[in-house]
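**Student:** kindly return the folded structure for what I paste below:
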Amino acid sequence: MSALSHSHLNSSTFVLTGVPGLEDYSLWLSIPFSSIYAMVFLGNFMILHVIRTEPSLHQPMFYFLAMLASTDLCIGLSTVHTVLGVLYGFMQEISLDFCIAQSYFIHGLSFMESSVLLAMAFDRYITICNPLRYSSIIINDKIMKIGVAISCRSSLLIPSVIIRLKFLKYYLLRLACSDILFNSICALILVIMNLLLDAMLIIISYIMILHTVLAIESQEERMKSLQTCVSHICAVLVFYIPIIGLTMVHRFGKHLSPLVHVLMGNIYILFPPLMNPIIYMQRLFSLKGT
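**Tutor:** Numbers count the residues shown, from 1 in each chain. Take a look at the predicted model:
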């Protein structure tokens, strides 16, 4: 996201200053950012199109991939207007309500992506550890229920956003009189309930998968089983590594240049939607028509 600074204490608006230290190069920066967004939209639309039009891909594993691609598209759509608007110079300020709404969608969609990755890990676990029951466990009705559950789970962000909105408005107007401890605890609980819990469950699922794979006598079968997990493991790393990096920068990098914070924020938002189509495209086309 572009750097923000509040313009007037009596106004609930922010001035969009662009990338710190590189404000004079905004037009040049718009070229790589425009290219990244174009690749995000093209790649994820292509995944959805291939899954939709290829009958051989109408199976649970690729329905989950379609959920992931849809989430990545929404993440791109939630930020493209602001980022490119600042870089091209036609968006110079943003209202507080719009800023909070954009923050809600970014974090809500991140929680949704984490949930989809967890569902995909569960799919891989059933495929490898309980293949004979896969067709009876992972059925279309259950996939729909999982999708609804993921959406409902992500909406747990709403109470925290409302609290943050109330406090932030009061802070900007110098009317804040509430303790931010409750706000911070709510945010921490939401992170633990979503991202940390998902990461732990994904790790547990892969420990059980690895235990099952190592028990397979045939080395060829072991490699074949592991290869079905490579794409998902890459997607998990692509999602969680930027989150860990951004968290470390915010927690321990207060002395760092604002440019580092902006760069990490953009990596957190754009890297997974950019890389996921690259990770999965080869697998999609290799399975297409088989």
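**Student:** what separates the helix or strand Ile203 falls within from the chain centre, distance-wise?
**Tutor:** Here Ile203 sits within helix 197-214, counting by DSSP states H and E. Centre-to-centre, helix 197-214 and its host chain are 21 Å apart (C-alpha atoms, centre = their mean, to the nearest Å).
**Student:** which SS class is the residue lying farthest from the centre of the chain?
**Tutor:** The centre of the chain is farthest from one residue, Glu217, which by C-alpha atoms, centre = their mean lies 37.5 Å away. Secondary structure, DSSP: H, G, I helix; E, B strand; the rest coil: Glu217 is coil.
**Student:** and the gap between Leu214 and Ile203?
**Tutor:** 16 Å (C-beta to C-beta, to the nearest Å). C-beta coordinates here come from the backbone N, C-alpha and C atoms, glycine included.
**Student:** who has more neighbours, these two?
**Tutor:** Ile203 (12 against 9; other C-beta atoms under 10 Å).
**Student:** ok, now how distant is that one from Leu117?
**Tutor:** Noted for Ile203: a distance of 12 Å to Leu117, by C-beta to C-beta.
**Student:** before we move on, what about His211?
**Tutor:** 21 Å.
**Student:** repeat that for Ala149.
**Tutor:** With C-beta to C-beta as the criterion, Ala149 and Leu117 are 14 Å apart.
**Student:** those two: which is more packed in?
**Tutor:** Applying other C-beta under 10 Å to Ala149 and Leu117 shows that Leu117 carries more neighbours, namely 26 against 12.
**Student:** is it true that the more buried one touches Phe239?
**Tutor:** Yes: here Leu117 reaches Phe239: they are 6.2 Å apart, a contact under C-beta atoms under 8 Å.
**Student:** for this protein, which spans come out with low pLDDT?
**Tutor:** By pLDDT under 70, the weakly predicted segments of the chain are 1-12, 156-193, 285-290.
**Student:** and the residue nearest the centre of it, what element?
**Tutor:** Closest to where the C-alpha atoms of the chain average out (C-alpha atoms, centre = their mean) is Ser110, at 3.6 Å. Per DSSP H and E, Ser110 falls inside helix 96-129.
**Student:** mind listing what's buried in that helix?
**Tutor:** Using 16 or more other C-beta atoms under 10 Å as the test for burial, helix 96-129 gives 96, 99-100, 102-129.
**Student:** where along the stretch 151-290 of the chain do the helices fall?
**Tutor:** 157-172, 180-191, 197-214, 219-252, 258-287 (DSSP state H, counting those that start in this stretch).
**Student:** deepest-packed of those helices, please.
**Tutor:** Most buried of the helices of the stretch 151-290 of the chain, by mean neighbour count (mean count of other C-beta atoms under 10 Å): helix 258-287, with a mean of 18.
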